[in-house]
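Asks: need coordinates for the below:
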Amino acid sequence: MLLGTLGIVYGDIGTSPLYAFKEAVRAASEGGAPTPVAVTGAVSLILWALILVVSLKYAVLILRADNRGEGGIVAMLALLGARQARAGSWQGWLLVVGLVGAALLFGDGAITPAISVLSAIEGLKVDAPGLDRFVVPITLAILVGLFLVQSRGVAFIGRIFGPVMLVWFAVLALLGIGGILQAPQILSAVNPLRAVEFTGHAGLHVGFAMLGAAFLAVTGGEAMYADLGHFGARAIRVAWFALVLPALVIHYFGQGAILLADPSAAENPFYRLAPDWAHYPLIGLATLATVIASQAIISGVFSLTQQSIQLGFLPPMRVVHTAPDERGQIYVPTVNWLLAGATLAAVVIFRSSDALAGAYGIAVSLLMAITTLLAGLVARKWGYALPAVLAVNGAFLLVDLIFLSANSVKIVEGGWFPLVLAGSVAFLMLTWRKGNACMEEARINRRPPEAAFLERLRTDPPITLPGSAAFLSSATEGIPLPMVRVVDRLGALHTRVLIVTALFEEAPTVPAAERAEVRTVTPDIRRVILRYGFMQSASIPEGLRCAVAAGQLPEAFLHDLTVFVGHETIIPVSDQRGMSAWREALFAVMQNNAERTGAHFCVPAAQVVEIGTEIEI
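Replies: Model (predicted):
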């Protein structure tokens, strides 16, 4: 478990030394030669950012806000019950804020691989400046290869995640010790006053620029909470305090020491820490570490996408389980190639880790502020006193807002890029949710009352067809439209009928024993409600088998089963339902390109019959 956390949880923050300190010193020195005061102030600021933001806020506080063992901002939204919020209410605004936070992870997922791999390959320029023109092509080739292998699953990469990152952190510590021995006076940076004094005397512009750059050292801390369900709080905390934090602190102190001894090393203090003979092996190790960090963030985006689909924030997409026996090993083709396009675009647009540093940070700092706010609401829901929540979460929120303000000055430099990505994703999420609400309203208006439909079957019985039929429904009451259309247009109905609804609960998992609830409508018509957690994939065949195994449903209902699903065509009409015409058209495009309902619910294609329906919204 501890080895697993090193690769999955700490890959991102573990590769921050490649660029974070360099950018902090550059900001503090305003492009000139770094002064000892600026170097010591930068090291002190990074040290206390790691302690306050990662150690105290995430490791001690945020990891407590779990949803039955699961973490991440979507799990937190589910815990707060925000999915059921009404538009315009404070819960509705909370949902908007939470979805923006989730969308920010998509922006982070595009920037992290780009800046990480770029910063590793830029080590080539230390010994061979003439190779500068090859940095971007090599980076693009590595990233293309990384996204290409996603469809094969990452189990083979996962086996080496932990050991490689263990070596990486050991090398970080050894390089740091070597640097500290050259200038032991860097240890004075332990005193937080070094950071306060420098930022206070350097002026508002320089101080803010340094704060924004130093924040790069804590990007990746959000993974501690996002991956809570995979490893558990104890393993994540032990790995952080016993290995990751000491290695990072020693290394940052080493980078500071090498600049005190040789200010010309500011161009790339990470590689200048190593002896000349070790540069090329270190480039290889750094590249491997950044690929691992990139893989971790890509896998995290896949997991976030699956959770968002289950909770109704994104349209159904094809999700491939690349390792059926391992939880969380999934591949989402659509997201993979959209993310690849955004990542490659970031490399082509910015072309260096220095330029990308301007784009990095603002999305993560805003996400961290949103997480702190939601964690405070979770604490109140769990009964913690308001003064205590305001004191603790308020203090951390103040730190987050300071870093957010410092990063906001980088919007023009490149911070716009992840914000545009996140804004687009958040808008699509809100459009999908609102469109589904309009769809359900239209369905309700067209469904006949259950009592009236049953009376019609009694007084004017349809032709009886052999076998069983299952009609999928989005509601837990009423008659689904495909069933109505079959009776209306064909005048027939199967001998045995199931009305099946799959619900996703605001909990990570639902045990198989609690999967099915069966209600008897008539002796030959049963309503089956299947419940799944937002970390699970819904399978109608599996759910029906659970109902039979529990003795709630006669096995005869599964014999010769035909599954009827609605194929709904959206007709935007721009009425009073709450969305403009162009937004309704966007929702129609999303709905028409979503994964087929039968495939989404794991129904074999040979059993599926689609019933077309036009719905105006």
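
Asks: now stretch 479-486: buried residues?
Replies: I479, P480, L481, P482, M483, V484, V486 (16 or more other CB atoms under 10 Å). The way it works is simple: take the backbone N, C-alpha and C, and place the C-beta from them, glycine included.

Asks: so what touches that stretch?
Replies: 443, 446-448, 450, 453, 469, 471-474, 492-493, 497, 499, 564-566, 611, 613 (CB atoms under 8 Å, 6 or more residues apart in numbering).

Asks: quick check: of the buried residues of stretch 479-486, which lies closest to W416?
Replies: L481 (44.2 Å; CB to CB).

Asks: okay, helices next: where are they in the stretch 501-617 of the chain?
Replies: For the stretch 501-617 of the chain, the helices defined by DSSP state H, counting those that start in this stretch cover 540-549, 581-592, 597-600.

Asks: against W337, how distant is the residue of the chain positioned farthest from its centre?
Replies: Centroid-distance maximum for the chain: T459 at 53.6 Å, with CA atoms, centre = their mean. In this structure, T459 and W337 are 55 Å apart, going by CB to CB, to the nearest Å.

Asks: do the same with T290
Replies: According to CB to CB, T290 stands 21 Å off from W337.

Asks: between these two, which has more neighbouring residues?
Replies: For T290 and W337, the more surrounded residue by other CB atoms under 10 Å is T290, and the numbers stand at 28 against 12.

Asks: isn't that one up against G123?
Replies: No. Contact between T290 and G123 fails when scored by CB atoms under 8 Å: they sit 10.8 Å apart.

Asks: my read is that T334 contacts M317, right?
Replies: Yes. Counting by CB under 8 Å, M317 is a contact partner of T334 at 5.1 Å.

Asks: any common contacting residues for these two?
Replies: Joint contacts of T334 and M317 (CB under 8 Å, 6+ apart) do not exist.

Asks: could you list the low-pLDDT ranges of the stretch 151-300 of the chain?
Replies: Confidence mapping of the stretch 151-300 of the chain against pLDDT under 70 gives the ranges 154-159.

Asks: please enumerate the helices of it.
Replies: 155-182, 193-201, 204-214, 222-226, 228-231, 233-239, 245-261, 269-272, 279-310.

Asks: angle of the second one against helix 204-214?
Replies: In other words, helix 193-201. 140 degrees (axes from the mean of the first three to the mean of the last three CA atoms, to 10 degrees).

Asks: tell me the buried residues in helix 193-201?
Replies: Buried-residue list, helix 193-201, by 16+ other CB under 10 Å: R194, A195, F198, T199.

Asks: what's the local residue count around I529?
Replies: I529: 18 neighbours (other CB under 10 Å).

Asks: what of N593?
Replies: N593: 10 neighbours (other CB under 10 Å).

Asks: what about it, distance to R583?
Replies: In terms of CB to CB, N593 sits 16 Å off from R583.

Asks: pretty sure G533 sits against V510.
Replies: Yes. Taking contacts as CB under 8 Å, G533 lies within contact range of V510: 4.9 Å.

Asks: what average pLDDT does stretch 100-107 get?
Replies: Confidence for stretch 100-107, expressed as mean pLDDT, is 87.

Asks: neighbouring strands of the strand ranked longest in the chain in the sheet, and parallel or not?
Replies: When the chain is parsed with DSSP state E, its longest strand is strand 492-505. Partner strands and pairing direction for strand 492-505 (DSSP bridges) are strand 463-472 (parallel), strand 525-533 (parallel).

Asks: and of those strands, who's closest to P269?
Replies: Nearest to P269, of the strands paired with strand 492-505 and by CB to CB, is strand 525-533 at 46.1 Å.

Asks: how far does that closest one sit from the chain's center?
Replies: 29 Å (CA atoms, centre = their mean, to the nearest Å).

Asks: can we start the residue count at 183 from this point?
Replies: Yes, from this point I'll number from 183; that puts the last item at strand 707-715.

Asks: pLDDT of it, averaged?
Replies: 95.

Asks: other residues contacting that strand?
Replies: 492, 636, 658, 678-687, 689-692, 696-703, 720, 722, 725-726, 728-729, 735, 739.

Asks: pLDDT below threshold where in this structure?
Replies: 213, 264-273, 336-341, 505-510, 756-760.

Asks: outline the domain layout of it.
Replies: Following automatic domain parsing, one gets these domains for the chain: 184-591, 624-798.

Asks: of those domains, which stretch is the most buried?
Replies: Of all the domains of the chain, domain 184-591 carries the top mean neighbour count, a mean of 20, counting by mean count of other CB atoms under 10 Å.

Asks: ends of that domain, what's the gap?
Replies: 38 Å (CA to CA, to the nearest Å).

Asks: before we move on, back to that, export the helices of the stretch 333-482 of the chain to CSV and tack on distance to I255?
Replies: Shown next, in CSV, are the helices of the stretch 333-482 of the chain (distance: least, CB to CB, whole Å):
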stretch, distance to I255
helix 337-364, 23
helix 375-383, 29
helix 386-396, 22
helix 404-408, 8
helix 410-413, 12
helix 415-421, 17
helix 427-443, 23
helix 451-454, 31
helix 461-492, 8
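
Asks: closest to S590 out of the ones you listed?
Replies: helix 386-396 (8.2 Å).

Asks: other residues contacting the closest one?
Replies: Contacts of helix 386-396 (CB under 8 Å, 6+ apart): 202, 205-206, 208-210, 212, 223-224, 227-228, 231, 380-382, 384, 539, 543, 584-585, 587-589, 591-592.
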